[in-house]
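# Build me a model from this:
(2 chains)
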Amino acid sequence: MRDTGDALVLLLAGGIGSRLNLLVGHRAKPAVPFGGLYRIIDFSLSNVMNSGLTRVGVLTQYKPLSLMAHIGSGEAWDFTGRTRGVKILPPRTGEKDSDWYKGTADAIRQNIDFVENNPADQVVILSGDHIYRMDLDAMLAYHQHKKADITIGMMVVPKRDIHQFGAGIVDGDNRLVDWEEKPAIPKTNLASMGIYIFDTRYLLRTLAQNREEVDFGMDIIPRAITQDRVFAYPFYGYWRDVGTIQAYWEANMDILRPGSGIAPEEWEIRSNPEYGSRPMDRQAARFLSGCEVRSSMISAGCVIEGTVTDSVLSPGVWVRKGARVHNSVIFHDSVIEENAVVDLAICDKRVRVGEGAVLGHGDRLQVANRLFPKHLYTGISLIGKEASIPAHARIGRNCRVNLGFAGEDFNGSLELDDGESV
Amino acid sequence: MKSRPSTLAMVLAGGRVDELGVLTHYRPKSAVPFGGFARVIDFALSNLLHSGIERVAILSQYRSYSLINHIGTGASWDMVGRNRGISILPPFKGYSSPYWYRGSADAVYQNLDFIRHLSPSVLLILSGDHIYHMDYSQMIRCHHQWDADLTAAFVEVPLASASRFGVAEIADEEPHGGRLLGYEEKPENPRHTWASLTLFCFKPAVLMEVLTKNQDAASYEFGRDIIPMMMQQNYKVYGYTFRGYWGYTKTIDEYWQTSMDLLGPEPKIDMEAWGIRTNLHHRDIANRQPVRIGPQGTLSNSLAYDGCVIEGTVRNSILFPGVHVHSGAEINDSILFFDNIVHEGACLNRVVSDVDTVFSREAVVGTPAENGAAGSVTVIGSGNVVPEGIRIGSGCSVAPSLAVWPDEKNVQDGEVLQ
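Next comes the predicted model:
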């Protein structure tokens, strides 16, 4: 038996993550593939497993099918057994509450029966869409040692980024004395990672108090720091919210650089190997004579005849003769046909880039996408699931090609200018 | 209604083959790694899966742990369910059988009660040691059509190498074979080219009859004893002709040669098309990250599975999960099993290296191709640390976890270290 007891884990996995644009066109953000053969949620689930916690509820909401299939029985993360388990908690219509979750606290409140039915001294609340490794058992020990009501995982981030997070100020004992949610003008650089440990009785009490309090960061914590024992648990290490296309791409590129701090295998991150549309096992990646691969991650089932540099390839990607892939993230079973060029792109599953096509043409990286200027503005082009790029097409920077696109050209032309979409 | 499986498959997987030497110190031949992530027996098991055969028994007696661990529940091959399953049948002592398995036929004989219990309408007996892709259901159909007592599968081999196999003369070779006219086990001067695949369909009642008769003999092998006896006693014995790829791995050189058939632009062994499945939990295959290739890493005409880190040069080679090739290391024409580490300046040529072996800096194993004709294969047992700066020739063999390495830094061609 662990000294810290068997805390209950609630994983918030319902977010839309709309800034990931086409990547969340048909799946929830936690189910987005990452690092070749993982999904974003694998990091949180593996952290839970590696911390020795065995009871998990996953709160889903937005497009949950892909996520539910991925979690399956939970066996991949050792959550099967007599007392172990991972339960999917879909949104429910209650007698009074017919609305979807209004915020993080509201989501937990609507599943309060699950908390009551799984008695534990503490409840660990995590987000399912972050890339990091953390020992939650150590955080639980810290929480108990501090006799805290709430403990919040926090880390130092650059001041220019603090506006995306909950920001806190602590005293010499790491007790939170001030809190601002997503401050425009930051007073601190200590950011909340969206990882909370609650004393269970405190959680039940505080959620019952005021139903208008729907979000932990916005409502509950600002009030709690004035009256209750709320502590920051400092985290040092690699942690990313891959909520934007740019952050998502950068975190993938980080895996390619030893020393960047992210190392999925060393972190013992597990995925579900059984899940997928293919019933067969992938064979070893095949590197043919004349291929050139540098600074890249290549998953099982890939066949490389051409050139791949600084890229992350999911299982089953085929890079044919003369094709070149640079600075890109390519999902499962995509095909880059002969002599095609892919530079600075994210291709979803089963994308086909036709023979001789150029994806990522020219150097006008700064021309943002016209429809989604806040999503695509650093040069990355985004190709939706199962889209097919016609042979010899030329696609510029910050372009967006919709899911399943199968046209022979783009409105009569084989060229798609920088910042354009189809 | 298909309520119960009508075919029972029994896989002969217990053998240790001396010629594979250090690779079978700790595992039977069927559990030897093959193809960058799988094991030899995965070919037979995947064939069974794709042939729709759902009731399988594995006869195993030599060093079974690796095999038992690999088979697990059988879920990897979809063989878990109400009427589906893989049973491992180890030898046991009972009232009537005080022996270990004394041969392939004796192994089946000792489990006749298991066969009676399942009462299949046809019994498929096959070896777990071969690399091939075959739909057994077609052979079973022929077996029924011919109303044969025994249907044995054969594949054409060059006459020169036929003496190593059971060799048959078959009446109608087209389209699928016919009555067996003659059969010789490992003939000195073979006259025919159809070699036995060690793959048999039996009528269960006939099998029980002939195995019981065989108990009075001094030898208990299907090829050497059962087929000749059935031919002699005029049972209906048919030959099924198989025309696909057939790879065998009886010696280190054959193992290497068969593995090389995985490479090239159109490999003879296409594990993808063949739908080969393995147990992804064995040696933690499922939890490895994608192959990471460093800024100086290069691979050419090679296979590498998840978990590999390539910072050096790899040519014409097969790397199992977790192999780490440091920068400045060079690997040619070699097969490295799980979790080998090759340090800077080391150079491997035509090497088969078992799991968990480390090649220290500047170790040179095998003969580099530029020094003339490539020699035969050098095999390194598991768990070794090959010393820094050592020269090991071609055709050498190093025992697993060698306790004492020779003082001189030069191991001659063909030397055996144990």
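# low-confidence ranges in the chain?
Just going to use chain A. A:1-2, A:93-99, A:274-280 (pLDDT under 70).
# my bad, the chain I had in mind was chain B
Judged by pLDDT under 70, the stretches of chain B that qualify are B:1-5, B:15-18, B:93, B:95-98, B:370-374.
# For it, which residues are neighbours of chain A?
Residues of chain B lying close to chain A (C-beta under 8 Å from any C-beta of the partner chain) are B:35-38, B:265, B:271-272, B:275-278, B:280, B:286-307, B:314, B:318-320. From N, CA and C alone the C-beta is placed, and that goes for glycine too.
# in the stretch 1-150 of chain B, what residue is nearest chain A?
residue B:36 (3.1 Å; C-beta to the nearest C-beta).
# which ones among the residues of chain B next to chain A are found in helices?
Applying DSSP state H to the residues of chain B next to chain A, the entries found in helices are B:271, B:272.
# Who are the contact partners of the residue of the stretch 151-300 of chain A found nearest chain B?
In the stretch 151-300 of chain A, the residue that lies nearest chain B is residue A:284 (3.1 Å; C-beta to the nearest C-beta). Residue A:284 is in contact with A:300, B:35, B:36, B:37, B:303, B:304, B:305, B:318, B:319, B:320, counting by C-beta atoms under 8 Å, 6 or more residues apart in numbering or on different chains.
# From those residues, pick the one nearest residue B:248.
residue B:35 (14.3 Å; C-beta to C-beta).
# wait, that closest one sits on residue B:260?
No - in this structure, residue B:35 is not within contact of residue B:260 by C-beta atoms under 8 Å, at 11.5 Å.
# interface residues of chain A facing chain B?
Residues of chain A lying near chain B (C-beta under 8 Å from any C-beta): A:35-37, A:76, A:255-256, A:258, A:264-265, A:268-271, A:273, A:280-301, A:304, A:312-314.
# Show me just the buried residues among these.
With burial judged by 16 or more other C-beta atoms under 10 Å in any protein chain shown, the buried subset of the residues of chain A next to chain B is A:35-37, A:76, A:255-256, A:264-265, A:269-271, A:273, A:280-288, A:291, A:293-301, A:304, A:312-314.
# Looking at those, which are in helices?
Using DSSP H, those in helices are A:255, A:256.
# Out of the buried ones among the residues of chain A next to chain B, which sit inside strands?
A:285, A:286, A:287, A:293, A:294, A:296, A:297, A:298, A:304, A:312, A:313 (DSSP state E).
# The fourth one contacts residue A:309, correct?
Spelled out, it's residue A:293. Yes - under the criterion of C-beta under 8 Å, residue A:293 makes contact with residue A:309 at 7.4 Å.
# looking at this, residue A:408 is in a strand?
No - according to DSSP: H, G, I helix; E, B strand; the rest coil, residue A:408 belongs to no strand; its state is coil.
# Helices along the chain, start to end?
Defaulting to chain A. Going by DSSP H, chain A shows helices at A:40-50, A:65-71, A:104-110, A:112-117, A:136-145, A:200-209, A:221-227, A:245-256.
# Chain B, not that one
B:41-50, B:65-71, B:104-109, B:112-118, B:136-146, B:204-214, B:227-232, B:252-260, B:271-274.
# and these as TSV, adding distance to residue B:408 and mean neighbour count?
Output for the helices of chain B, formatted as TSV (distance: least, C-beta to C-beta, whole Å; neighbours: other C-beta atoms under 10 Å in any protein chain shown):
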stretch	distance to residue B:408	mean neighbour count
helix B:41-50	40	25
helix B:65-71	34	19
helix B:104-109	44	24
helix B:112-118	55	14
helix B:136-146	53	18
helix B:204-214	53	17
helix B:227-232	51	18
helix B:252-260	24	20
helix B:271-274	42	19
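# if we compare those helices, which one ends up closest to residue A:420?
Closest among the helices of chain B, once you apply C-beta to C-beta, is helix B:271-274, at 37.0 Å.
# residues in contact with that closest one?
A:280, A:282, A:283, A:301, B:35, B:38, B:43, B:46, B:133, B:262.
# Now render those residues as JSON lines, adding distance to residue B:232.
JSON lines is the format used below for the contacts of helix B:271-274 (distance: C-beta to C-beta, whole Å):
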{"residue": "A:280", "distance to residue B:232": "44"}
{"residue": "A:282", "distance to residue B:232": "49"}
{"residue": "A:283", "distance to residue B:232": "45"}
{"residue": "A:301", "distance to residue B:232": "51"}
{"residue": "B:35", "distance to residue B:232": "40"}
{"residue": "B:38", "distance to residue B:232": "40"}
{"residue": "B:43", "distance to residue B:232": "33"}
{"residue": "B:46", "distance to residue B:232": "36"}
{"residue": "B:133", "distance to residue B:232": "34"}
{"residue": "B:262", "distance to residue B:232": "41"}
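# Distance of the residue nearest to residue B:163 when sequence neighbours are not counted relative to residue B:333?
With C-beta to C-beta, 6 or more residues apart in numbering or on different chains as the criterion, residue B:163 has its nearest non-adjacent residue at 5.1 Å, and that residue is residue B:190. Separation of residue B:190 from residue B:333 (C-beta to C-beta, to the nearest Å): 31 Å.
# More neighbours: the two, which one.
Set residue B:190 next to residue B:333 and count neighbours by other C-beta atoms under 10 Å in any protein chain shown: residue B:333 wins out with 22 against 19.
# Would you check that the more buried one makes contact with residue B:302?
No - contact criterion C-beta under 8 Å: residue B:333 and residue B:302 do not qualify, at 10.0 Å.
# which neighbours do those two share?
Joint contacts of residue B:333 and residue B:302 (C-beta under 8 Å, 6+ apart) are B:315, B:316, B:317.
# who wins for most neighbours among the residues you listed?
Scoring the shared contacts of residue B:333 and residue B:302 on neighbours with other C-beta under 10 Å, the highest-scoring entry is residue B:317 at 28 neighbours.
# Who are the contact partners of it?
Residue B:317 sits in contact with B:302, B:303, B:331, B:332, B:333, B:334, B:335, B:336, where contact means C-beta under 8 Å, 6+ apart.
# Just give me the closest of those residues to residue B:101.
residue B:335 (29.9 Å).
# ok, back up a step: out of the residues of chain B next to chain A, which are inside strands?
In strands, defined here by DSSP E, the members of the residues of chain B next to chain A are B:38, B:291-293, B:298-300, B:302-304, B:314, B:318-319.
# Let's have the residues you listed in TSV, adding neighbour count.
Shown next, in TSV, are those (neighbours: other C-beta atoms under 10 Å in any protein chain shown):
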residue	neighbour count
B:38	26
B:291	30
B:292	25
B:293	29
B:298	20
B:299	30
B:300	18
B:302	28
B:303	27
B:304	33
B:314	29
B:318	28
B:319	32
